[in-house]
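> my questions concern the predicted model and sequence given below.
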Amino acid sequence: MVAYTLYNRRGSGGFAVEATLKLADLPFQLIDVGTEPSTPLPESFRKVNPWGQVPVLTSEDGLMMTETGAILIYLAGAHETAGLGPKPWSQDHATFLRWVTFLSVNIYESTLRVAYPARYTDDPDGAEAVRAAGHQRRHEAFQMLEANLQPGAFLMGEMTATDIYFAMLFGWHKIQPDLPKCAALTHSVAAHPVIAPVWRRNFDHRMPTKWGR
């Protein structure tokens with residue numbers, strides 16, 4: 001079986017990839033590139049990813065991937081028997097692709113506006129407005145997901161890689177009283193016996209909520 005290498009830093013978006021690799025029992029090496037989220041990555045990391053972002057997934061047979069959502073889609077399709085997602089090109093797979101893309105475009109991107117507002121404006125006085133708009137847009141996206149979730153359920157009925165992605169992003173958003181089903185899904189993912197140690201190492205030092213307990 002091909003062995004992967006995952007480049008990430010603790011508490012960053014590669015958590016979802018690391019947890020998915022663990023859940024699928026796939027062999028991989030984790031390389032922590034250092035520094036804290038919301039701070040610059042080492043300039044030397046651009047030799048791995050010229051765009052200067054984590055996560056990056058590589059493999060011994062030449063794979064090099066960036067973008068959390070894309071990596072999760074790849075892993076689910078490349079390791080179909082691991083149960084990371086529905087059968088490729090089925091109707092359920094179309095729903096899986098919808099939610100992974102929705103999380104990437106509407107929630108992850110809004111999160112980046114909250115964490116790195118200066119990337120999205122050339123107005124030195126505009127950063128706080130960008131951050132506020134990002135937070136509001138992210139919350140509106142979670143409200144839409146809340147309306148689509150069944151109580152106590154995952155996005156696809158059973159847990160898939162998209163739920164790991166969802167839980168990471170909602171943990172960053174923090175508990176909101178109008179999103180109880182989103183919070184319940186996040187608790188379920190964080191409590192999973194395989195995922196829990198990965199979650200705690202990445203997030204217990206950063207998040208006020210001890211998810212999964």
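That came in fine, so what should we check first?

> what's near enough to touch Tyr120?
For Tyr120, the set of contacting residues under the criterion of C-beta atoms under 8 Å, 6 or more residues apart in numbering consists of 113, 130, 134. Every C-beta, even on glycine, is put in place using the N, C-alpha and C of the backbone.

> swap in 10 Å and give it another go.
Counting by C-beta atoms under 10 Å, 6 or more residues apart in numbering, Tyr120 makes contact with 109, 112-113, 126-127, 129-131, 133-134.

> now do the buried residues in the helix or strand that contains Glu140.
Under the criterion of DSSP states H and E, Glu140 resides in helix 127-148. If you call a residue buried by 16 or more other C-beta atoms under 10 Å, then helix 127-148 has these buried ones: 127, 130-131, 133-134, 137-138, 141-142, 145-146.

> just want the angle from the helix or strand following it to helix 127-148.
From helix 127-148 onward toward the C-terminus, using DSSP H and E, the following helix or strand is helix 161-173. Angle, helix 161-173 to helix 127-148, by axes from the mean of the first three to the mean of the last three C-alpha atoms, to 10 degrees: 140 degrees.

> after helix 161-173 comes which helix or strand?
Following helix 161-173 in sequence order, the next helix or strand is helix 180-191 (DSSP H and E).

> correct me, but Gln29 touches Asn8?
No: counting by C-beta atoms under 10 Å, Gln29 sits too far from Asn8 to count as a contact (11.2 Å).

> those two - which one has more neighbours?
The residue with more neighbours, out of Gln29 and Asn8 and counting by other C-beta atoms under 10 Å, is Asn8; that gives 22 against 10.

> and the closest residue in space to Tyr7 that isn't next to it in sequence, what pLDDT?
For Tyr7, the nearest residue in space outside its immediate sequence neighbours is Val56; the separation is 4.2 Å by C-beta to C-beta, 6 or more residues apart in numbering. As predicted, Val56 sits at a pLDDT of 98.

> and Val56, how close does it get to Ile164?
18 Å (C-beta to C-beta, to the nearest Å).

> comparing those two, which residue is more hemmed in?
For Val56 and Ile164, the more surrounded residue by other C-beta under 10 Å is Ile164, and the numbers stand at 28 against 22.

> what residues are up against the more buried one?
Residues touching Ile164, when contacts are defined by C-beta under 10 Å, 6+ apart, comprise 15-20, 22-23, 68, 72, 84, 154, 189-190, 192, 195, 198-199.

> next one: Pro88
Listed by C-beta under 10 Å, 6+ apart, the contact partners of Pro88 are 73, 76-78, 80, 96-97.

> domain ranges for this structure?
Listed domain ranges for the chain are 4-82, 91-192 (source: automatic domain parsing).

> ok, the residue nearest the centre of the chain to His187 distance?
With distances taken as C-alpha atoms, centre = their mean, the residue of the chain nearest its centroid is Tyr165 (3.7 Å). Tyr165 sits at a distance of 16 Å from His187 (criterion: C-beta to C-beta).

> so Ile195 is in contact with Tyr165, correct?
No: in this structure, Ile195 sits apart from Tyr165 without contact. The criterion is C-beta under 10 Å, and the distance is 12.0 Å.

> any low-confidence regions in this protein?
Along the chain, the model assigns pLDDT under 70 to residues 1.
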